[in-house]
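below are the sequence and a predicted model; questions follow.
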Amino acid sequence: MTEEIIIAGFGGQGVLSMGKILAYSGIMENQEVSWMPSYGPEMRGGTANVTVILSDERISSPYLQLFDTAIILNQQSMDKFENSVKPGGLLIYDPNGISHHPTRNDIQIFQIEGTKIAAEMENKKIFNMVILGGFLKKKPIVKIENVIAGLKKSLSERYHHLIPLNEKAIHVGMENIHPYQNLVN
Amino acid sequence: MTEEIIIAGFGGQGVLSMGKILAYSGIMENQEVSWMPSYGPEMRGGTANVTVILSDERISSPYLQLFDTAIILNQQSMDKFENSVKPGGLLIYDPNGISHHPTRNDIQIFQIEGTKIAAEMENKKIFNMVILGGFLKKKPIVKIENVIAGLKKSLSERYHHLIPLNEKAIHVGMENIHPYQNLVN
Amino acid sequence: MAKVQGAIAVNTEVCKGCEVCIPVCAEDVIGMSDTVNRKGYHYAYMKNPEACTGCTNCGIVCPDRAISVYRVKVSA
Amino acid sequence: MAKVQGAIAVNTEVCKGCEVCIPVCAEDVIGMSDTVNRKGYHYAYMKNPEACTGCTNCGIVCPDRAISVYRVKVSA
Amino acid sequence: MEILDIIKPENQVFCKTKLMTDSALSYCPGCGHGTAHNLTMEVIDEMGIVEDTIGVAPVGCSVLAYDFMNIDMTQAAHGRAPAVATAIARTWPEKYVFTYQGDGDLAAIGTAETIHACNRGENIVIIFVNNGIYGMTGGQMAPTTLEGMISSTSPYGREIKSMGSPLKMTELVANLPGVYYVTRQSVHTHKHARKAKKAIQKAFENTRLKKGLSFIEIVSNCNSGWKMTPNESNIWMEENMFKYFPLGDIKVDGILKQ
Amino acid sequence: MEILDIIKPENQVFCKTKLMTDSALSYCPGCGHGTAHNLTMEVIDEMGIVEDTIGVAPVGCSVLAYDFMNIDMTQAAHGRAPAVATAIARTWPEKYVFTYQGDGDLAAIGTAETIHACNRGENIVIIFVNNGIYGMTGGQMAPTTLEGMISSTSPYGREIKSMGSPLKMTELVANLPGVYYVTRQSVHTHKHARKAKKAIQKAFENTRLKKGLSFIEIVSNCNSGWKMTPNESNIWMEENMFKYFPLGDIKVDGILKQ
Amino acid sequence: MSELKLMKGNEALAEAAIRAGADAYFGYPITPQSEVIEYLMTEQPEKRTGMVVLQAESEIAAINMVYGAASTGKKVLTSSSSPGISLKLEGISYIAGAELPAVIVNVVRGGPGLGTIQPSQADYFQSVKGGGHGDYKLYVLAPASVQEMSDFVEDAFIIAFKYRAPVLILSDGLIGQMMEKVSLKEQIPRLTNDEIIEKYGSWAVTGKKNRERNIITSLDLQSEKMEARVHRLMKKYEQMEKEDLRYEKILCDDAEYLIVAYGSSARISQKAIELARKKGIKAGLLRPITLFPYPKQALFELADQVKGILSVELNAGQMIEDVKLSVQHKVPVEHFGRTGGIIHTPEEVLEALEQKIIKNGNLRYHKTRESSIL
Amino acid sequence: MSELKLMKGNEALAEAAIRAGADAYFGYPITPQSEVIEYLMTEQPEKRTGMVVLQAESEIAAINMVYGAASTGKKVLTSSSSPGISLKLEGISYIAGAELPAVIVNVVRGGPGLGTIQPSQADYFQSVKGGGHGDYKLYVLAPASVQEMSDFVEDAFIIAFKYRAPVLILSDGLIGQMMEKVSLKEQIPRLTNDEIIEKYGSWAVTGKKNRERNIITSLDLQSEKMEARVHRLMKKYEQMEKEDLRYEKILCDDAEYLIVAYGSSARISQKAIELARKKGIKAGLLRPITLFPYPKQALFELADQVKGILSVELNAGQMIEDVKLSVQHKVPVEHFGRTGGIIHTPEEVLEALEQKIIKNGNLRYHKTRESSIL
Ligand SMILES: Cc1ncc(C[n+]2csc(CCOP(=O)(O)OP(=O)(O)O)c2C)c(N)n1
Ligand SMILES: Cc1ncc(C[n+]2csc(CCOP(=O)(O)OP(=O)(O)O)c2C)c(N)n1
Ligand code: SF4
Ligand code: SF4
Ligand code: SF4
Ligand code: SF4
Ligand code: SF4
Ligand code: SF4
Ligand SMILES: [Mg+2]
Ligand SMILES: [Mg+2]
């Protein structure tokens, strides 16, 4: 199994840490993992993205053009990465702030109202966990308990009390991911 | 004809300019010339030397180990260059301040009391011209008028009034060079 | 007696929602939109237009010069 | 009453004939040799030894530390 | 009166100068660089000297100044803008030459070039944007970072003992005879921005009059690096930066203010 | 009393310190470097700290200081001695670390390293021999060359307009909080040499007490570069150099003298 | 089993420096390597091991600080990226000339000039041909994974002290920025000052105590001495070639076509030869782990076996010269590489192998001649 | 006939810069090239032609001043020696990346480190393999006489502006310090500012007047653009190889043995082949005048004619790599050179030719393999 994922959104949305938790979960399952962020001034306030690969073979290039899954969290990232999903691949996005919805019909497209849900749960910080939950619902490539183990690893001690909340967020996310039918076609 | 000469002494003795005048004289006779000074901190107060080559062929290396003529003006230079004279070559030196006189008997050795003469002529500056005169007496490789022409070239205008004095010094030098018999052997 | 009335035009796609224009407005004219622009920023707008005096304070502190300011004299 | 008498020993091969020791000698003890050392420098010597007080001024300004200074108490 | 009746070309009293291009600034929302850029270009525009102005961009967030300032510009190696500007001013004595530099660029790696261009009294303008941090590279400590201030290379706060005190480059260069005008400004409010603009104008006037070097420090925010919202960062700046880096003229017409 | 009766070991009151080697100094006759070397080594000797002293030689005439000072020394790239000394002092906090630098080395190419080592208040001693010229390379103009002074790169005299004013590096660094002791001395007469020696001793005492950076400028001659006899050069120095570079303490125990 | 962590290459290198018992790090921020100093400042090794970490005012100050600490026998390193390394070259040349042990890390970005902050391998020439002035070389290690970013630090120090010579770890933005699993080594205790004086007292400047004075310098005014110094250096480099050459052969036993690549290019090329083999092309990969010394002999021998060689580098063609010098014109050698921060895909590499080597296998000499232009 | 003078190489170069119509010189003193700035300061070209001469605070400031003046289309040069050139490498890489015309002079001394102030050719690698970071090259001219120190200045400016690229004049302490006859060229008038705006207005930053703004930069945040920039540079270098290669063949027509040498080594080697011919050995000399581009084809062809080739350099073996890459293993190639400031004599060179080449002509392949170590 090899899963090649791009996660893209704003700097503040916890894009990089979401990728990191996913990678850690992979390690918990003895998979090979790589995590390659975009870096440098384009992060300046604007978009951030990270390529995460989980595989049971040695990973050659951590840097990719095409992905099995794209998790897209703002319009700029949608413009940039909609066409980077492999045919038959998966595109998950949060409709919040999206003015131009995806139009491809050779891939599966799902929506998850991460921003809204996080707002309802009154904790912006768990936004990325909600999204992660949605993704894992569609691609259960790692077990939840390993995600939690990964969380423990990547969070510093003094945040461990937040783990239950994050776990909850993951489950909420799993329940709130819905297919998107674009009406264009 | 190719004449390879080293002139060595103190910084203050006009060693470099003497070589320069010699080189200019060569140019006046349409010879190929090169002038290669010792440079860098070893000049710091201490010795200065210059290698001058006059030739009617293109000069390959301006930098030599052995010389046809060595003109030696202090003890350190004597220690350094006595053995750099080619067998059968010429060594000219000013005995002033020389405690260890040359001992080779496979070369011609001449003395010239440049310091004394310059003192008598009450002009330290012409010391190197006296020595040059002595050398030209032994090796008339350039005509005196060309030396004068060379002097004109290398001296800046405002010193041209000194040229007659320098010419005189050359002639005095020619008259005051004497063979040196070292009594060691 | 003639008083001035002002207005600002915000280039909503240029605005980055930094909000530094808000504290410099003595008349509390400026508010931030609920919706976001294409870059995802909430943008400035005149939440109470009639108060604007066209003093240009907002314009001069806007790093992105998203604001143009207009002013007219109106006789009361 | 006891007065001091001094003397200096110049390392003539180390001396560079710079003469900076001369002006600092209040007693005008130091002169320069007519002959030169192996390096070709005229070197310092005591031209009037009896005047030396052993004050060490010359020694401390000699860049090459060519001077050693000696001093004895002598009762007049 | 209807807004649409007010928003008419003939009523416009303020808008972006044409000496700023239409490319969106690469700076974070609320970053002082944008305002500093605009004020500088407004001065060049109003003085009508664009045809004779050559700018030197640094390495820092404002490396892309040449994308935004609609004038001839060259981009200097990190810290070397004063040397670059020196050569331009020497070979084009009639031009208006300015550098635009950050605090890491000017006060760390560029210290020697800054001190010596100032000491030679080159006829240039140096605009020094001091945000107390290395913005571009992700918020590392700068020579100007305040005591106790947190950055990615002083994660527990700048400690004077091991990292030294914040460096007051501006006061330092004011001591050099070649420097004619030295002032410290800010651009975060309309009042400050208007004063800063006057200072920039004075600096370019000095160039016109061949008075030598004018040095304008602009204390600014780096809200990303400081991890605050823009308005928070401006308040923090007033309360902390201005204490250590007080605003105002330091040297005017070649005379030090006491 | 006979001279030979006086010149006996038991009567010796002054001789070369054993912390100077027997190799002949490479300096020109009468060059102040020799005296400065000897005074420094006499202090190290008298303080009994040779086993804990590490010296840093510059690039300049005194590059060969390591041949003459009979202590552990490393030779730094041109201008970088303060950085080299910083690392040694940081990794060997109990040692006495000093740099010995010329004015070209310290005030031209080494400006940034000097300013920042001073600003960090490194616990080191900087001995700065200012002879107003680049001696080693044959007498080119230095940042410290006086107005109108002739050098091989200012053959018609230093001109302020194009070459800038002589740089008072010592006054400049005195403004930095990290610098604890700053003084300007000379070594050309016994009086001056004795005072300079006291200053050097104070500096190393500061190191012992971990007070931070001590900066000692020694205004000296470069008779070769100045094209004078040693005694002429010392007189010229008093009449010209001391006017612009006045001798005396500038900062003592961390407090600036006014 | 030692602890397994998920780390960036830059972080792994920084942690490895602490664990290798380094005494000091001096650096100046630059993308894409700033995480090295950021990690160290956060970890506070001063408290863990007593290691000194200092942010210098510039790369030049940093490399000269390295020179200073190395002069005293301390284990010291610095890191930077391309433009910063250019600034360090005078200092690096001094370290080589003065025969000091030191570790320098270059997390390469694209040049020339300010260029791009994206990954590149365009500093190969600078690294192996002696970017600085004079006759010297660097021992160059090229990590291809986060694990190697960690492992090579200790290796580098061992070589640095074995030869008293500077060692370069030549990484790039890809290896520096990516996160992978890394198993960290045990902490090696730092040497005490007494141990340093004991071990390195013959040369290090630690204060003249119970011995003659030590001097660190790269200057020799007597040409004979300077020539002797140069010969001493050359001897070291010959010994490195004999004793410390490192490389990896992948699928080479039956290879008909060979790719030579290091660092991140080697990772991508490995995928490329896997794809090639799926297509039935017998491709192999030679990965130089040390760029100096270079696996000349291994290449020379493989050249008898394969039909052609492709040098894959993230640059316009630099290592290809060493490949050619090794192959000695037995088979065609071509270059493939993207530049400017673009990272070639395994597919691109495979296509290049097919187009430049397999297809033109017969035009060999003509080809090599032309392509020897860069 | 133009005036004949006796001048040092450094002085001749400085005078030639004035006469070539240079607009500015920026430099920092260092032996053995300080005469360049000393001559200029004495001549006061500001009064003769309006040329600006400034002593910078460092080599780094100087090269960045060059960058600044070059950004505006001015004819500008700097000079230094080995350690100073190392410090300029970041700036040189910027000049190459930003595509600016500039002339840099290196009067080489012996390295590494502070090394020696005596003559050397140990900066060959740094000069031709891109000492700075990134994919760039310098057009390198190697004068072998005072006359060429003078002549090459104008040549260098012509190339610099033809390609908008940095040109290096690679001299050494021997050529820089020696005096020879030199015939000086006529004064070329400096361009007026209007002429500069006229000629270079398409790219130079001279103030935005009647045109869109000009920008000088080496930065491209988009990798595609950066790659395009690198390709643009590579195209220039290919064109240089086609159009501006320079070399000299001496006694090569009937040569059985070949010496390859440049600069001062070429002078000495010429004497050596004369001595050889006196002994009946048919030796010839190929003197590369440009080190990049390199006379690859000429060497490749001579390799069919000669039995062996000796690369003579004042270093531990650097140019030999380019000789081998050109010869493509047709005949044995060996290196001979003294280092540390020692200058080999014609006799030494001849002996090396006899020992390393003539004697071992048969062991060719074995030999070349071994000797490919350095
Ligand atoms: C030689 C070199 N060293 C380091 C860097 C990395 N670098 C880029 S910008 C920068 C500092 C920016 O800080 P500052 O000058 O304060 O500008 P700001 O971004 O804060 O406006 C550094 C260290 C570089 N590009 N080149
Ligand atoms: C990088 C570098 N630049 C330049 C030089 C040449 N150089 C050697 S010493 C020196 C200046 C010496 O002057 P100063 O520091 O005043 O020492 P002094 O000789 O006057 O005591 C210079 C420019 C060098 N060796 N290295
Ligand atoms: S112009 Fe003045 S009043 Fe109007 S919105 Fe702006 S700041 Fe407020
Ligand atoms: S200051 Fe400008 S960018 Fe910021 S919110 Fe106001 S209008 Fe928008
Ligand atoms: S010791 Fe004093 S008195 Fe004696 S010679 Fe020296 S200076 Fe003169
Ligand atoms: S000071 Fe020293 S070197 Fe100078 S003359 Fe006196 S004894 Fe000789
Ligand atoms: S990082 Fe700081 S300095 Fe840079 S653009 Fe953002 S706020 Fe401005
Ligand atoms: S050149 Fe000047 S500084 Fe150097 S040794 Fe001679 S006098 Fe002293
Ligand atoms: Mg900043
Ligand atoms: Mg000096």
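Done, it's in. Numbering: from 1, shown residues only, chains lettered A, B, ... in the order given. Ligands and ions are numbered 1, 2, ... in the order given.

contacts and neighbour counts: CA atoms only from here.
OK.

where along chain A do the strands fall?
Counting by DSSP state E, chain A has strands at residues A:2-10, A:32-37, A:47-55, A:67-72, A:85-93, A:108-112, A:177-179.

okay if I get those strands as JSON lines plus distance to residue F:94 and mean neighbour count?
Listed next are those as JSON lines, based on distance: least, CA to CA, whole Å; neighbours: other CA atoms under 10 Å in any protein chain shown:
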{"stretch": "strand A:2-10", "distance to residue F:94": "50", "mean neighbour count": "22"}
{"stretch": "strand A:32-37", "distance to residue F:94": "44", "mean neighbour count": "26"}
{"stretch": "strand A:47-55", "distance to residue F:94": "47", "mean neighbour count": "24"}
{"stretch": "strand A:67-72", "distance to residue F:94": "56", "mean neighbour count": "25"}
{"stretch": "strand A:85-93", "distance to residue F:94": "60", "mean neighbour count": "21"}
{"stretch": "strand A:108-112", "distance to residue F:94": "62", "mean neighbour count": "21"}
{"stretch": "strand A:177-179", "distance to residue F:94": "64", "mean neighbour count": "17"}
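
for these, which one sits closest to ligand 5?
strand A:32-37 (75.3 Å; CA to the nearest ligand atom).

please see if the closest one touches chain H.
No. Using CA under 8 Å from any CA of the partner chain, strand A:32-37 never reaches chain H; the gap is at least 15.8 Å.

looking at the chain, which helix or strand is least sure?
In the absence of a named chain, chain A is used. Lowest on mean pLDDT, DSSP states H and E among the helices and strands of chain A sits helix A:144-154, with a mean of 89.

wrong one, chain G
Least-confident helix or strand in chain G using mean pLDDT, DSSP H and E: helix G:364-371, a mean of 39.

residues contacting residue A:60?
Residues in contact with residue A:60 (CA atoms under 8 Å, 6 or more residues apart in numbering or on different chains) are G:267, G:268, G:270, G:271.

flag every buried residue along the longest helix anywhere in chain E.
The residue-count maximum for a helix in chain E (DSSP state H) belongs to helix E:190-208. Residues of helix E:190-208 classed as buried: E:190, E:192-197, E:199-208 (neighbour count, 16 or more other CA atoms under 10 Å in any protein chain shown).

what about it and chain H, any contact?
No. Judged by CA under 8 Å from any CA, helix E:190-208 makes no contact with chain H; its nearest approach is 15.0 Å.

go ahead and confirm residue G:109 touches residue G:30.
No. Taking contacts as CA atoms under 8 Å, residue G:109 lies outside contact range of residue G:30: 10.1 Å.

per-residue pLDDT of residue A:44, please?
Note for residue A:44: predicted pLDDT of 61.

just to revisit the earlier point, now the strands of chain A as a markdown table including distance to residue C:23 and mean pLDDT?
Below are those laid out as a markdown table (distance: least, CA to CA, whole Å; pLDDT from 0 to 100):
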| stretch | distance to residue C:23 | mean pLDDT |
| --- | --- | --- |
| strand A:2-10 | 26 | 95 |
| strand A:32-37 | 36 | 96 |
| strand A:47-55 | 28 | 94 |
| strand A:67-72 | 34 | 98 |
| strand A:85-93 | 35 | 97 |
| strand A:108-112 | 36 | 97 |
| strand A:177-179 | 40 | 96 |
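
tell me how far whichever strand or helix holds residue E:39 lies from the chain's centre.
Here residue E:39, judged by DSSP states H and E, is contained in helix E:32-47. How far helix E:32-47 lies from its chain's middle: 10 Å, per CA atoms, centre = their mean, to the nearest Å.

packing partners for it?
Helix E:32-47 sits against helix E:190-208, with contacts defined as 3 or more CA pairs under 8 Å, 6 or more residues apart in numbering or on different chains; DSSP states H and E.

wait, does the helix it packs on contact chain F?
No. Using CA under 8 Å from any CA, helix E:190-208 stays clear of chain F, coming no nearer than 14.8 Å.

that helix near ligand 3 anywhere?
No. On the criterion CA under 6 Å from any ligand atom, helix E:190-208 is out of touch with ligand 3, staying 8.9 Å away.

next, the buried residues of the following helix or strand past that helix.
Using DSSP H and E, the next helix or strand after helix E:190-208 towards the C-terminus is strand E:213-219. The neighbour-count check on strand E:213-219 (16+ other CA under 10 Å) flags E:213, E:214, E:215, E:216, E:217, E:218, E:219 as buried.

what residue in chain A comes nearest to chain D?
residue A:40 (57.0 Å; CA to the nearest CA).

wait, what's in contact with that residue?
E:136, E:137, G:31, G:32, G:117.

which of those are buried? Put it as a ChimeraX command.
ChimeraX command restricting the contacts of residue A:40 to the buried ones, with burial defined by 16+ other CA under 10 Å:
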select /E:136,137 /G:31,32,117
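
ok, of the contacts of residue A:40, which one's closest to ligand 2?
Nearest member of those to ligand 2, counting by CA to the nearest ligand atom, is residue G:31, at 26.6 Å.

model confidence score at the closest residue to ligand 5 within chain A, please.
Nearest residue of chain A to ligand 5 (CA to the nearest ligand atom) works out as residue A:40 at 69.0 Å. If you check residue A:40, the pLDDT there is 70.
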